[in-house]
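**Student:** okay, here's the prediction I keep looking at, along with the sequence it came from:
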Amino acid sequence: MLLRGLGREDVGRFIELASGVTPPAGMVEAVHRQTQGNPLFVTEVVRLLAQEGELTQEKAGQRDSWSVRIPEGVREVIGRRLDRLSQRCNETLTTASILGREFTLDQLKPLSEDTSDDRLFEVLEEALAARVIEELPQSVGRYQFTHALIQETLAEELSPTRRVRLHARIAEALEEMYGDDADAHAAELAHHFAQAEAMVGTEKLVRYSLVAGERALANYAWEEAQAHFQRGLAAKDLPLEGDYPARDSDEAALLFGFGRGLASAAGRNQWQQAVDSVGRAFDYYHSVGDIPRAVEAAEYSLPVLSGARTAMATFYGRALELLDHDSITAARLLSSHGAELGRVDGDYLGGQQAFDQALTIARNADDESLEVRILAASGNVDLFHLHLEESLEKAFKVIEVTQATHESRLEMNARLDAARVLTGQGDSEGARRQSTACLELVEKLRDRQRLALACRADSTLCRLLGEWPRARAISDRGLTVAPQDVILLGDRVLLEYEFGEWERGESYLERFVETMRGAPSRARIRFAGHAVVLPQIARLTESFELLDIAVTAAETVLASPAAEPIFAMISRIGLAMVAVLRRDTELAETQYSLLASAAPALFGASPINTQRLLGLLAQTMGNMDQAAVHYEDSLAFCRKAGYRPELAWTCCDYADALRERGGNDGDRAKAVALLDESLSISSELGMRPLMERVLSRREILKA
């Protein structure tokens, strides 16, 4: 009987004991999956990995993915078990191995035409008695191989030609058996038709790949969808990248599906590829006059990010040419066009004109669902152009309507926008309600990209409130799906350095800086993030080597004619901190005049409260009285919002200004009280760099 019992942790410890190397999670998962924890199989697999030189620290850290081939020792063990079975049983199991790890009696019947039902049942009973297969509980007639290696060993014993012929038989038999319900089994059928492609051609492979891909999209299984569409495109010999045109409707549908899956699952560096894939589908539909599909491709809601949808505006214009300009479809496209103009081209007025046209059509048609979609898009553009009250008002309207209509994606986006604005305004309770509800909706929709966005909002709020454990947990969750997300990384860098976790902070800082290398100038969110975060790190570490990078990043954003005001303002905040750190009076005066007259409530998007920053600028300019006014405003804001880490920093900076002003004993007494409060908060929250700074200030005041 085959031994069992090792769990994943046991397998990991076994590998470590056998090799002296701490195995990466991917290796442990691969070994456990292949061996099902069987100690004998684990031993053979680890021995093979060691023989092939894979169990070294260097090799273990280089691999992104792992697969494990079957060692000869395992084959021998399995072979001896199979040799004890009858020839008919081995033949039946070989057929079953091509069906997969799991199979059913109904699937085997049409593939065993020369075997009666009774004889087939006897054969399976023989395999059950030998513990080669097992019957799945609560599922009559469904079996699985007791170990994946048994199934793989049987399948690999077949010659390539026989394997292809068997896949062809299975594909055709299953398709006939499923009948009208075949589409529900599209993924299974696509797999077998793909393996049998050399014999049966590509027609059914493409058909079922399309169906399986669309079903995966409907279930939010983005990577699975991509794999199905990619397999269909490979069968059609159409490259994924480049401007190769679609030659028929199947190719266009595959490109459109692949683009949608990629947009939802991939990182930012692949969003342009998603746009290009959807664009190639649009070009085909437009060229053949397929108006419904052309419009569907043109208005598909790809993630909006500065510069990431550079081709979309042309799709909208070309699609609108095909439509009645007063139609509902035209209104939908106008809304998408407004978002493109406002977010990518930086044309706020042009975007609002498009939104206004769309709203007029929607209201004339009394289409509330469309109206709320337009409001959601318009509110998002308002946010990035710093029309914050308008953005919040529209977000609340969208939330109210979509809660009743159960339009979860729209509600999620509106709550995300509301959380951002409320965080900046200091309404931490309101922001928490929105960010929590947003995370719940993201989990429901299983949308990886919006999970990263929702984690951003919540981790930022947690950091501002000093809820470090939750901030770390949410940060980890977001970085798992978006490891290069500049905002999540920036927040994590700040969190680690606030704790004085220099080594850990440096590892995140390296990843953070790396996101800017090679980034196109249109990726304004990345440059703005570096412009504002790096000066904060420089102040915490008192090491100013990063300031040149921050200045370059800020200047890159400000030089962009299409830069959204929010990113321009964040970049100016970064330059203001550079002025403070370098004691550059001229730069401080320039940034003070710009920020004092225009800076809205950007806390959250910026790691420093605007009023504290204005206090630091005034202090740098030598205007201590004006600095005191700003610090008082910052204290009031932080106390009301509950932003305790920022309150602690404001107390410390304010005390510095009072000491520098060199006023009466009242200033000295107030400075001491502020430092005491700062030390109390920073000690409670574990903010070691600030604690050290405060203690040094107290010593100076005592002297």
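**Tutor:** Cool, the structure landed.
**Student:** state which helix of this structure is the longest.
**Tutor:** helix 665-685 (DSSP state H).
**Student:** average pLDDT for that helix?
**Tutor:** Helix 665-685 carries an average pLDDT of 93.
**Student:** what's in contact with it?
**Tutor:** 466, 468, 644-645, 647-649, 651-652, 654-655, 658-659, 661, 687-688, 690-691, 694-695, 697-698, 701 (CB atoms under 8 Å, 6 or more residues apart in numbering). (Glycine included, C-beta is placed from N, CA and C.)
**Student:** restricted to helices, list those.
**Tutor:** Reading helices off these with DSSP H, I get 468, 644-645, 647-649, 651-652, 654-655, 658-659, 661, 688, 690-691, 694-695, 697-698, 701.
**Student:** ok, of the residues you listed, which come out buried?
**Tutor:** Buried by 16 or more other CB atoms under 10 Å: 468, 644-645, 647-649, 651-652, 654-655, 658-659, 661, 688, 690-691, 694, 697-698, out of these.
**Student:** poorly predicted segments of the stretch 451-600 of the chain, please.
**Tutor:** Filtered on pLDDT under 70, the stretch 451-600 of the chain yields the residue ranges 518-523, 599.
**Student:** how is this structure divided into domains?
**Tutor:** Per automatic domain parsing, the structural domains of the chain span 8-69, 74-158, 159-300, 516-608, 610-703.
**Student:** of all these, which one comes closest to Asp366?
**Tutor:** The closest of the domains of the chain to Asp366 is domain 159-300. By CB to CB, the value is 20.7 Å.
**Student:** that closest one - what's its average pLDDT?
**Tutor:** So the average pLDDT for domain 159-300 ends up being 89.
**Student:** quick one: it to chain centroid distance?
**Tutor:** With CA atoms, centre = their mean, to the nearest Å as the basis, domain 159-300 stands 23 Å off its chain's centre.
**Student:** now swap in stretch 619-637 and tell me
**Tutor:** Here stretch 619-637 shows a centroid-to-chain-centroid distance of 39 Å under the convention CA atoms, centre = their mean.
**Student:** wait, Ala648 sits on Leu690?
**Tutor:** Yes: Ala648 lies in contact with Leu690 (CB atoms under 8 Å); the separation is 5.9 Å.
**Student:** can you map out the strands along this protein?
**Tutor:** Listed in chain order, the strands of the chain (DSSP state E) span 102-104, 133-135, 142-145.
**Student:** who wins for proximity to Phe193 among these?
**Tutor:** Across the strands of the chain, closest to Phe193 is strand 102-104 (CB to CB), at 17.5 Å.
**Student:** where in the stretch 601-703 of the chain is pLDDT low?
**Tutor:** When residues are selected by pLDDT under 70, those of the stretch 601-703 of the chain lie in 604, 663, 703.
**Student:** what's the burial count for the closest residue to Ala187 other than its chain neighbours?
**Tutor:** With CB to CB, 6 or more residues apart in numbering as the criterion, Ala187 has its nearest non-adjacent residue at 4.1 Å, and that residue is Ala212. Neighbour count of Ala212, defined by other CB atoms under 10 Å: 27.
**Student:** can you give me the helices in the stretch 101-250 of the chain?
**Tutor:** Using DSSP state H, counting those that start in this stretch, the helices of the stretch 101-250 of the chain run over 105-108, 117-129, 148-156, 160-178, 186-195, 197-200, 203-218, 222-235, 249-265.
**Student:** columns distance to Leu99 on top of these, output as CSV?
**Tutor:** Formatted as CSV, those follow (distance: least, CB to CB, whole Å):
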stretch, distance to Leu99
helix 105-108, 6
helix 117-129, 13
helix 148-156, 9
helix 160-178, 6
helix 186-195, 9
helix 197-200, 17
helix 203-218, 16
helix 222-235, 19
helix 249-265, 26
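**Student:** among those, show me which one is buried the most.
**Tutor:** Sort the helices of the stretch 101-250 of the chain by mean neighbour count, taking mean count of other CB atoms under 10 Å, and helix 249-265 sits at the top with a mean of 24.
**Student:** same for it, what does it pack against?
**Tutor:** Under the contact definition 3 or more CB pairs under 8 Å, 6 or more residues apart in numbering; DSSP states H and E, helix 249-265 sits against helix 203-218, helix 222-235, helix 271-288, helix 291-298, helix 448-465.
**Student:** what residues does the fourth one touch?
**Tutor:** Contact with helix 291-298 is made by 252, 256, 278-279, 281-282, 285-286, 312, 315-316, 318-319, 322-323, 329, 332-333, 336, as judged by CB under 8 Å, 6+ apart.
**Student:** just the angle for that helix relative to helix 271-288, thanks.
**Tutor:** If you take axes from the mean of the first three to the mean of the last three CA atoms, to 10 degrees, helix 291-298 sits at 160 degrees to helix 271-288.
**Student:** any idea how far the closest residue to Leu370 other than its chain neighbours is from Glu340?
**Tutor:** Take Leu370 and drop its neighbours on the chain: the residue closest to it by CB to CB, 6+ apart is Ala362, 4.2 Å away. The gap separating Ala362 from Glu340 is 18 Å, by CB to CB, to the nearest Å.
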